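1. What follows is a predicted protein model with its sequence.
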Number of protein chains: 2
Amino acid sequence: MPRRVLAVDLGGTKTATALVDESGQATSERRAPATRSVEETAGHIAAAAEGACGVGVIVPGVYTPATGRAWCPNLWGRDEVPLRDALTARLTVPVAIDSDRAGYVLGEAWLGAARGCRDALFVAIGTGIGVGILSDGRVLRGAHGVAGAAGWFALTPEWRDAYATTGCWEAESAGPALASAAGAADAETVVRAAREGAPDAVAVLQRAARFTAMGIANLVSAFDPVVVVLGGGLGAGAADLLLPIVENEARRWAQPLAMARCRLVGSALGDRAGLLGAARLAWSLLEAEPGHDRDQVSPRTR
Amino acid sequence: MPRRVLAVDLGGTKTATALVDESGQATSERRAPATRSVEETAGHIAAAAEGACGVGVIVPGVYTPATGRAWCPNLWGRDEVPLRDALTARLTVPVAIDSDRAGYVLGEAWLGAARGCRDALFVAIGTGIGVGILSDGRVLRGAHGVAGAAGWFALTPEWRDAYATTGCWEAESAGPALASAAGAADAETVVRAAREGAPDAVAVLQRAARFTAMGIANLVSAFDPVVVVLGGGLGAGAADLLLPIVENEARRWAQPLAMARCRLVGSALGDRAGLLGAARLAWSLLEAEPGHDRDQVSPRTR
């Protein structure tokens, strides 16, 4: 039987888990409602890790490797929680933890649309906008784990109050913005109407796409990646509608040498990007020489 | 006598050189007009390197470590030049090469306003706008050496033709933009008039500063640094006028957790940031274990 790691994608509303072997083959893939206490979450993960040789966990928020604490307001409230301690107290195998954005880009770089790329971005557009960054083969986290918070990109000098809570790009282009601008129940409804050619829905989608083009152009000028993967619920679901507009407009704005050598593509893994990225985190930890990756912690010697 | 490296800051119009010891003490500091052929430049550098134990060179453009070639249109025309080969053919000591933006941030992180910081940005505002990036202690270059080309940031949906050649932020906030908007000979004249309270000059500077605030806010959201150093001819020269506006406006736009923990400061090294950064490049190369930094090349064994 091949060795397997337990991959855990902790979402705001549901938790996805799977056992994943070294080639990326997943078995026992499950989705369950999210649990609201970090202790309960850690207990479920420990139970599911039975037989696994390592665990990879991604969280919907900010993870700080120096402290092992996670800040995930949609999951565990406004305070940081001691996620690493809660997990290592219950696990007998090594555990790697990172943000969901890191997981997405790692998953796509391992098995998806950015396969084998050392400089890649994953732009997740759903209820929010966030970016996973791979630079020279390493996940870029910033000083406080906040790097890639591109939903806060300022893309117009015309201030609107909505920008204060989510950032400008997110307020213009994420799912709730589309629904609100079109007076629809949700972004999926707007996308469906746009596909059917409804002029209002098309206009709303185009406006959002133009801001997304500016945001992606800025990411290309800033990070000079070889590929930008568009994902997230809205980004992946409407990639066929968004990409032609984004491609066309982003070329106008971005640094030309960087843009000319950068592919814009839809996610190949869809909502499994995070789960496979979590698996990749665990495998990287297991493959690493002792002390090689100081951002991860092995509880093997506890 | 202490060991010294030769530091070389190749600018578009002048070349600065100095011998720099391991503590950052510089001697024999010189400025000379730039030479227009890479062969001639390499010859001058080799002559000046007499007695040095290593050489660090920064270039005003894009340097590609994989090929050793530099693209510096203001210095050597539109074609890439084989800079590393030209240098190693004439030098008997190791040479490290990087972009000027990398040099600026390394200099400030070594001896200046970002001393000791592992996550720092140097925003150079002069005739152009470019950003040097230090992330987790490493210079971030991107896949093609273009990372940090933030002068191309899209900051307004209202397209202007001027954006096509320099990018939006640069067209709104760099020196030539100020001079042109104020109908002045150069940006220094505008800054001087603004200091004296001339309303038109103040308005021009404030408009440029508001775009700069948006650009810096976007950099903070993207990279999550602990410090942003404002430098370059205009950035350092008018830091006292620009920083209060930038500070105030950037806080409105940027990801709040990242912004709250990030300092915005003027350059401490002024136009010596690059020279000291070039020295730091050389010292890092000399200190590195063999094979430790695969981006640099030692010709010691030639």
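-> Looks like it came in fine.
2. residue ranges with poor pLDDT in the stretch 51-200 of chain A?
-> Counting by pLDDT under 70, the stretch 51-200 of chain A contains no low-confidence segment.
3. can you list the residues of it near chain B?
-> A:62, A:118-119, A:131, A:135-136, A:138, A:140-157, A:159, A:163-164, A:167-168 (Cβ under 8 Å from any Cβ of the partner chain). To be clear about C-beta, it is placed using only N, CA and C from the backbone, and glycine gets the same treatment.
4. Just the buried residues of stretch A:185-199, please?
-> A:Asp186, A:Ala187, A:Glu188, A:Val190, A:Val191, A:Ala193, A:Ala194 (16 or more other Cβ atoms under 10 Å in any protein chain shown).
5. And the residues of the stretch 51-200 of chain A next to chain B, which of them are buried?
-> For these, a burial check counting by 16+ other Cβ under 10 Å picks out A:62, A:119, A:131, A:135-136, A:138, A:140-157, A:163, A:167-168.
6. Can you name the residue of the stretch 1-150 of chain A nearest chain B?
-> In the stretch 1-150 of chain A, the residue that lies nearest chain B is A:Gly142 (2.4 Å; Cβ to the nearest Cβ).
7. try the stretch 151-300 of chain A
-> Counting by Cβ to the nearest Cβ, the stretch 151-300 of chain A gets nearest to chain B through A:Asp224 (2.4 Å).
8. Does that residue touch B:Ile133 like I think?
-> No: between A:Asp224 and B:Ile133 there is no contact under Cβ atoms under 8 Å: 10.3 Å.
9. one step back: take the buried ones among the residues of the stretch 51-200 of chain A next to chain B and keep only those in strands.
-> Counted as lying in strands by DSSP state E, out of those, are A:Val62, A:Val131, A:Ser135, A:Arg138.
10. surely the third one meets B:Asp136?
-> No: A:Ser135 is beyond contact range of B:Asp136, at 9.5 Å (criterion: Cβ under 8 Å).
11. quick check, distance from stretch A:48-60 to the centre of its chain.
-> Between the centre of stretch A:48-60 and the centre of its chain there are 18 Å (Cα atoms, centre = their mean, to the nearest Å).
12. Would you mark the buried spots in stretch A:84-98?
-> A:Arg84, A:Ala86, A:Leu87, A:Thr88, A:Arg90, A:Leu91, A:Val93, A:Pro94, A:Val95, A:Ala96, A:Ile97, A:Asp98.
13. would CSV of those with secondary structure be doable?
-> Shown next, in CSV, are those (DSSP: H, G, I helix; E, B strand; the rest coil):
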residue, secondary structure
A:Arg84, helix
A:Ala86, helix
A:Leu87, helix
A:Thr88, helix
A:Arg90, coil
A:Leu91, coil
A:Val93, coil
A:Pro94, coil
A:Val95, strand
A:Ala96, strand
A:Ile97, strand
A:Asp98, strand
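14. Tell me the one of those nearest A:Ser37?
-> A:Ala86 (9.4 Å; Cβ to Cβ).
15. Give me the secondary structure label for the closest residue to that closest one other than its chain neighbours.
-> Leaving aside its chain neighbours, A:Ala86 sits nearest to A:Ala42 (3.9 Å; criterion: Cβ to Cβ, 6 or more residues apart in numbering or on different chains). Three-state assignment for A:Ala42 (three-state DSSP): helix.
16. What separation do you get for A:Ala42 and B:Ile245?
-> Taking Cβ to Cβ, to the nearest Å as the measure, A:Ala42 falls 47 Å from B:Ile245.
17. more neighbours, these two?
-> With neighbours defined as other Cβ atoms under 10 Å in any protein chain shown, A:Ala42 and B:Ile245 compare such that A:Ala42 has more, 24 against 17.
18. residues touching that one, list them.
-> Residues near A:Ala42 by Cβ atoms under 8 Å, 6 or more residues apart in numbering or on different chains: A:Leu83, A:Ala86, A:Leu87, A:Ala89, A:Arg90.
19. among the buried residues of stretch A:84-98, which two are most distant?
-> Largest separation among the buried residues of stretch A:84-98 by Cβ to Cβ: A:Arg90 and A:Asp98, giving 18.9 Å.
20. got the contact list for the nearest residue to the residue of the stretch 151-300 of chain A closest to chain B once chain neighbours are set aside?
-> Closest residue in space to A:Asp224, ignoring its immediate chain neighbours: B:Gly142 at 2.4 Å, by Cβ to Cβ, 6+ apart. When contacts are counted by Cβ under 8 Å, 6+ apart, B:Gly142 touches A:Asp119, A:Ser135, A:Phe223, A:Asp224, A:Pro225, A:Ala258, B:Gly148.
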